[in-house]
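> predicted coordinates and the sequence they were generated for:
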Amino acid sequence: MNCLTVRNLISAYIDCELDPDQRRELRNHLFHCQECNQEYEQLVSIKNCLENSCQEPIDFNLLEALYARIESEKIAIIPHPNGFYWGSRILMIAACLTAFFLATFMLYPLNQKSTAQNNLSFSSTGMMDQNITIDQPVNVYQASFVLP
Amino acid sequence: MTVAQSVVRAKPVSDQIASFESMVLTHEKALYQFAYRLCGNHHEAQDLLQEGLYRAYKSFAKFETRTAFDRWLYQIIHNLYIDHYRKKKRRPAVTSIDEPIQHLETEKTVEIADWTLNPENQAMRSELGDQIQRGLEELSPEYRTAVILCDIQGLSYEEISQVLNCSIGTVRSRIHRGRKMLRRLLLPYIQEKGVAQA
């Protein structure tokens, strides 16, 4: 083990997170290398310092705070922003659909069928071949065959 | 080290609430320490803990049986803190329009001390604890959480990797780098005062 590897593994060594072989190798290295040993000592002192830091006193009741939070959620009068967002979206979609149906009815009124029949009052040999009379309603594909 | 605890799902709701409350009370000190060391002040720590407990309460049904309750809460609190930290970073600094404009070079702002906590308690707070907190605040949230969970909460690398949802190698490097940064900040103080030898 060289110094670079050892220095990367020192923290894991301090926390006993190395496997036994690595531990043995690292311990041997620390025994012989002064610089690495110094780094080890410093990091141990930092760990001890953190472990021995005083516990901060709790000056509030956790469960009371939790139930206050639950209550505040129950009595919240401001609507959730997401709810408002989705509501406006649904309204927008409904308005678009209404406009679409209105436009369809205006462009294609219901009595268009009779006028279409009057307009198609010409005779065609092709039509005769297909046995389609002009009085019958024709679909798009039949009409495309008849019309130029 | 943590002890794995289990919640029996067949229990009625009142029993589940009771078991939730008892587990919270068991771990309250550790949870508060964690929140305080993350935030660096009591008000933010209380808010963070309250929100974390609320999230845990709401999703208690999802809590996996035979897993550690404290680790689950650490995970929730850590995620909340990271979200809050990122939002805070993105948010631009707001200055009040009522604030007087400092147009004179000689003008000085007067800092008013925060006396919301008892002054006696303030005085009794350990100097070492403050120094550690200042050091921890210098670290990035990822390094800070890893160091707190390892050195203050006493979790193993495997447990930390579960809380932070990352590999053990990542945890190892975060702890190592975090300690090295703390060494730069704390070592002069430690050598001067001769602490941490115990």
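That came in fine, so what should we check first?

> low-confidence ranges in the chain?
Picked chain A for this. For chain A, the stretches with pLDDT under 70 are A:54, A:75-85, A:110-148.

> I was thinking of chain B, sorry if that wasn't clear
Chain B contains residues with pLDDT under 70 at B:1-13, B:89-126, B:193-198.

> how many neighbours does residue B:40 have?
The local packing count at residue B:40 equals 13, with neighbours defined by other Cβ atoms under 10 Å in any protein chain shown. C-betas here are computed from N, CA, C, even on glycine.

> again with residue A:59
Residue A:59 - counted by other Cβ under 10 Å - has 11 other residues nearby.

> that one in helix, strand or coil?
On the three-state scheme (DSSP: H, G, I helix; E, B strand; the rest coil), residue A:59 is labelled coil.

> equivalent analysis for residue A:24, please.
Following three-state DSSP, residue A:24 is assigned to helix.

> how close does it get to residue B:85?
41 Å (Cβ to Cβ, to the nearest Å).

> which one's more surrounded, those two?
With other Cβ under 10 Å as the criterion, residue A:24 and residue B:85 differ in neighbour count, and residue B:85 comes out ahead with 15 against 11.

> so who does that one touch?
For residue B:85, the contact set (Cβ atoms under 8 Å, 6 or more residues apart in numbering or on different chains) comprises residue B:141.

> which strand or helix spans it?
When secondary structure is defined using DSSP states H and E, the element that contains residue B:85 is helix B:69-90.

> may I have that helix as PDB, with CA atoms only?
Taking Å, rounded to 0.1, in the frame of the first residue of the first chain, the C-alpha atoms of helix B:69-90 are listed here in PDB:
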ATOM      1  CA  PHE B  69     -38.000   3.700  11.700                       C
ATOM      2  CA  ASP B  70     -35.200   6.200  12.500                       C
ATOM      3  CA  ARG B  71     -33.400   5.500   9.200                       C
ATOM      4  CA  TRP B  72     -36.700   6.000   7.300                       C
ATOM      5  CA  LEU B  73     -37.200   9.300   9.000                       C
ATOM      6  CA  TYR B  74     -33.600  10.400   8.400                       C
ATOM      7  CA  GLN B  75     -34.200   9.700   4.700                       C
ATOM      8  CA  ILE B  76     -37.400  11.800   4.700                       C
ATOM      9  CA  ILE B  77     -35.800  14.700   6.600                       C
ATOM     10  CA  HIS B  78     -32.700  14.600   4.400                       C
ATOM     11  CA  ASN B  79     -34.800  14.700   1.200                       C
ATOM     12  CA  LEU B  80     -36.800  17.600   2.500                       C
ATOM     13  CA  TYR B  81     -33.700  19.500   3.500                       C
ATOM     14  CA  ILE B  82     -32.100  19.000   0.100                       C
ATOM     15  CA  ASP B  83     -35.300  20.200  -1.700                       C
ATOM     16  CA  HIS B  84     -35.400  23.300   0.600                       C
ATOM     17  CA  TYR B  85     -31.700  24.000   0.100                       C
ATOM     18  CA  ARG B  86     -32.000  23.900  -3.700                       C
ATOM     19  CA  LYS B  87     -35.000  26.200  -3.700                       C
ATOM     20  CA  LYS B  88     -33.200  28.500  -1.400                       C
ATOM     21  CA  LYS B  89     -30.200  28.500  -3.700                       C
ATOM     22  CA  ARG B  90     -32.400  29.300  -6.700                       C
END
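
> next, the buried residues of it.
With burial defined by 16 or more other Cβ atoms under 10 Å in any protein chain shown, the residues of helix B:69-90 counted as buried are B:69-78, B:80-81, B:84.

> from these, which are also near chain A?
Among the buried residues of helix B:69-90, no residue lies close to chain A (Cβ under 8 Å from any Cβ of the partner chain).

> kindly indicate which of the residues you listed lies nearest residue A:60.
The shortest separation between residue A:60 and any of those is 15.7 Å, and it belongs to residue B:77 (by Cβ to Cβ).
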